[in-house]
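Enquirer: Got a sequence here, can you build the structure:
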Amino acid sequence: MKALVYTAPEQLAFRDMPDPAPSEDEELVEIEASGICGSDMHAFLGHDERRPAPLILGHEAAGTIASGPRAGERVVINPLVTCGRCWACRQGRSNLCESREIISMPPRAGAFARYVSMPRQNLIAVPETVSSEQAALTEPLACGWHAVRLAGAMLVEPWPAVTALVLGGGAIGLGAALALKDRGAERVWISEPNAQRRDGIEATGRFETFDPLSKDLPDAASFDLVIDAVGLAATRAAACRFARPGGAIVHIGLAEGTGGLDVRRMTLQEISFVGTYTYTDADFRDTAAALFAGRLGMLDWVDIRPLSDGLRAFEDLRDGRVAAPKILLRP
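Expert: Residues are numbered from 1 along each chain as shown. Here you go, the predicted structure:
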């Protein structure tokens, strides 16, 4: 099969690779769309020791089962493979499974390829009314969905009364904002420095935006909830600044590991903070159901490119030449 292979920092090769060999409890899925995630970019830049070269990246994917009794069934892939037996799995927190694996990280190859093998329980049927490109957005949207669910346990006000700010207008941040709207939040702001991306978000008519690098910023301590979908020291500092006393911060981004938190203010003003990692099995299925029902919007904010042009796509993301919140690659 053809695959896009990470070979060294800032190097990707489109080349032949062996077809995956599914085990007895797996299906072979022919990939039709796969998104570039921030974790893929970290690996591409040589910043993720968990993803050593050579490796097929990519974990946001949808396609069609290629063989067996379910051949021809269109599916979206939950890329997190969990044991179902450990304490976390038994508590419904499968994203924290002690033996979890994810495609695009050894020992599992990723979805920037024609085929990938996946356990059957990780495949969700996609209705005819939903394209593979839309279905492939389930994974990044599920990250935001999970974050919003955790936020709900930290807030006092009902969702319609909550004023929320999302830092970062990429797919994770936009997904969190869409999940907030689905829960009933009426006042949702998105902070995004890319002017073209801000214009696209504003064109949906659902969110207010601002440039975090400008002088025209919302008042400090004015948001009940701040979701940091970037994860830089600077965005953590902004989250601490914008959260009101008794408010909450939910931290999704992993761009930078340390710095930024104003622990003194968080302590004195009882600002709750929680980190969030991916999503549970239930979150993924709930996100898919919302997406299939059209509750998360048109999902027309993607840039679709051929997998063979994947290196250019990564370079464009690296150099800030992409306005769309998500690039999808088609094998």
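
Enquirer: Tell me, how many residues neighbour Pro69?
Expert: When neighbours are defined as other CB atoms under 10 Å, Pro69 has 7 of them. Every C-beta, even on glycine, is put in place using the N, C-alpha and C of the backbone.

Enquirer: Doesn't it belong to a helix?
Expert: No - using DSSP: H, G, I helix; E, B strand; the rest coil, the assignment for Pro69 is coil, not a helix.

Enquirer: Need the per-residue pLDDT for it.
Expert: The confidence metric pLDDT takes the value 91 at Pro69.

Enquirer: ok, it to Pro212 distance?
Expert: 51 Å (CB to CB, to the nearest Å).

Enquirer: Output the below-cut-off pLDDT ranges for the stretch 201-331 of the chain.
Expert: Scanning the stretch 201-331 of the chain for pLDDT under 70 picks out no residues.

Enquirer: OK, contacts around the residue nearest the centre of the chain?
Expert: Nearest to the mean C-alpha position of the chain, counting by CA atoms, centre = their mean, stands Pro140 at 2.5 Å. Pro140 makes contacts with 35, 37, 60, 171-172, 175, 326, as judged by CB atoms under 8 Å, 6 or more residues apart in numbering.

Enquirer: Now the buried members of the residues you listed.
Expert: 35, 37, 60, 171-172, 175, 326 (16 or more other CB atoms under 10 Å).

Enquirer: could those residues go into JSON lines alongside distance to Thr82 and secondary structure?
Expert: Formatted as JSON lines, these follow (distance: CB to CB, whole Å; DSSP: H, G, I helix; E, B strand; the rest coil):
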{"residue": "Gly35", "distance to Thr82": "21", "secondary structure": "strand"}
{"residue": "Cys37", "distance to Thr82": "19", "secondary structure": "coil"}
{"residue": "Glu60", "distance to Thr82": "18", "secondary structure": "strand"}
{"residue": "Ala171", "distance to Thr82": "23", "secondary structure": "helix"}
{"residue": "Ile172", "distance to Thr82": "21", "secondary structure": "helix"}
{"residue": "Gly175", "distance to Thr82": "21", "secondary structure": "helix"}
{"residue": "Lys326", "distance to Thr82": "25", "secondary structure": "strand"}
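
Enquirer: Make TSV out of these and add distance to His146.
Expert: TSV is the format used below for those (distance: CB to CB, whole Å):
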residue	distance to His146
Gly35	17
Cys37	15
Glu60	15
Ala171	14
Ile172	11
Gly175	10
Lys326	18
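
Enquirer: from those, which is closest to Phe14?
Expert: For the buried ones among the contacts of Pro140, the closest approach to Phe14 (CB to CB) belongs to Gly35, at 17.3 Å.

Enquirer: list the contacts for the closest residue in space to that closest one that isn't next to it in sequence?
Expert: The shortest distance from Gly35 to any non-neighbouring residue, by CB to CB, 6 or more residues apart in numbering, is to Glu60 (3.6 Å). By CB under 8 Å, 6+ apart, Glu60 lies in contact with 34-37, 79, 111, 136-140.

Enquirer: of all the residues you listed, which two lie farthest apart?
Expert: Pairwise over those, using CB to CB, the maximum falls at Ile36 and Thr138, 15.2 Å.
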